[in-house]
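A.B. asks: My questions concern the predicted model and sequence given below.
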Amino acid sequence: MARYTGPKTKIARKFGEAIFGEDKSFEKKNYPPGQHGNNRRRGKKSEYAIQLMEKQKAKYTYGILERQFRNLFKKANSSKGVTGEVLLQLCESRLDNLVYRLGISPTRSGARQLVSHRHITVNNEICNIPSRTIKPGEVIGVREKSKSVATIENSISANSSIYEWVSWNGDRMQGTFVSLPERDQIPENIKEQLIVELYSK
């Protein structure tokens, strides 16, 4: 399966939270999708179903495909530290995610598109690989020719989020990935331990 491009509100309703950011449609219908919605009699979910839902939620949140996600887990599992926390740190270190965190794009899918369309630089060199892992200390910026693109300007001016592990220089339109975030600094509502249990079976 290729990257999901279908209705995002439907996915958000499935998980019961707006995982793609603000969503007016989700606020109106924050119950599961389908003909019966809230009235469907749902049995108690199995342990496996709960773990699988958590993994799917993480994949949709960060826009990562199954094979990429499995490879990230293998990398996290073989490195030092708590596997679940390292997994989220690897997701946060992706170029598309950092473009979103820096406020250059209001959504991760928009950030992925900006990277693919060669609007973004890493250490002053154009990079069009959204999944590239950025190391602490590396500088992410907007390409000189792209600084006047309306969507980028609008996103930066509307951005009010501040994250301790990235710094932003508005004059130069550049941000620095200062350090790997601690688990409590990552705002995503993901129970990473359930994902670790799922892959460890």
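C.D. replies: On my side now, so go ahead. Numbering: from 1, shown residues only.
A.B. asks: for the chain, which helix is longest?
C.D. replies: For the chain, the helix that runs over the most residues, judged by DSSP state H, is helix 47-62.
A.B. asks: That helix packs against which elements?
C.D. replies: Judged by 3 or more C-beta pairs under 8 Å, 6 or more residues apart in numbering; DSSP states H and E, the packing partners of helix 47-62 are helix 8-15, helix 66-78, helix 192-199. C-beta here means a position set from N, CA and C on the backbone, and glycine is covered the same way.
A.B. asks: ok, which stretches of the chain are helices?
C.D. replies: Per DSSP H, the chain has helices spanning 8-15, 24-28, 47-62, 66-78, 83-92, 95-101, 108-116, 150-158, 192-199. These are given in chain order.
A.B. asks: The residue nearest in space to the middle of the chain: what's its closest spatial neighbour, skipping adjacent residues?
C.D. replies: Centroid check for the chain by C-alpha atoms, centre = their mean gives Tyr62 as the closest residue, at 2.9 Å. In space, not counting the residues next to it along the chain, Tyr62 is nearest to Cys91; the distance is 4.7 Å by C-beta to C-beta, 6 or more residues apart in numbering.
A.B. asks: Stretch 136-149 spans what distance, first to last residue?
C.D. replies: For stretch 136-149, the separation between the terminal residues is 27 Å (C-alpha to C-alpha, to the nearest Å).
A.B. asks: now Thr9: how far from Gly63?
C.D. replies: For Thr9, the distance to Gly63 equals 16 Å [C-beta to C-beta, to the nearest Å].
A.B. asks: can you check Leu194 too?
C.D. replies: Computed as C-beta to C-beta, the Leu194 to Gly63 distance reads 20 Å.
A.B. asks: looking at this structure, which helix or strand is least sure?
C.D. replies: Scoring the helices and strands of the chain by mean pLDDT, DSSP states H and E places helix 24-28 at the bottom, with a mean of 61.
A.B. asks: for the helices of the chain, which one ends up most surrounded?
C.D. replies: Neighbour counts averaged per stretch over these are highest for helix 95-101, at a mean of 25; criterion: mean count of other C-beta atoms under 10 Å.
A.B. asks: what about it, distance to the chain center?
C.D. replies: Averaged C-alpha coordinates place helix 95-101 at 8 Å from its chain's average position (C-alpha atoms, centre = their mean, to the nearest Å).
A.B. asks: and what of stretch 183-199?
C.D. replies: Per C-alpha atoms, centre = their mean, the centroid offset for stretch 183-199 relative to its chain is 13 Å.
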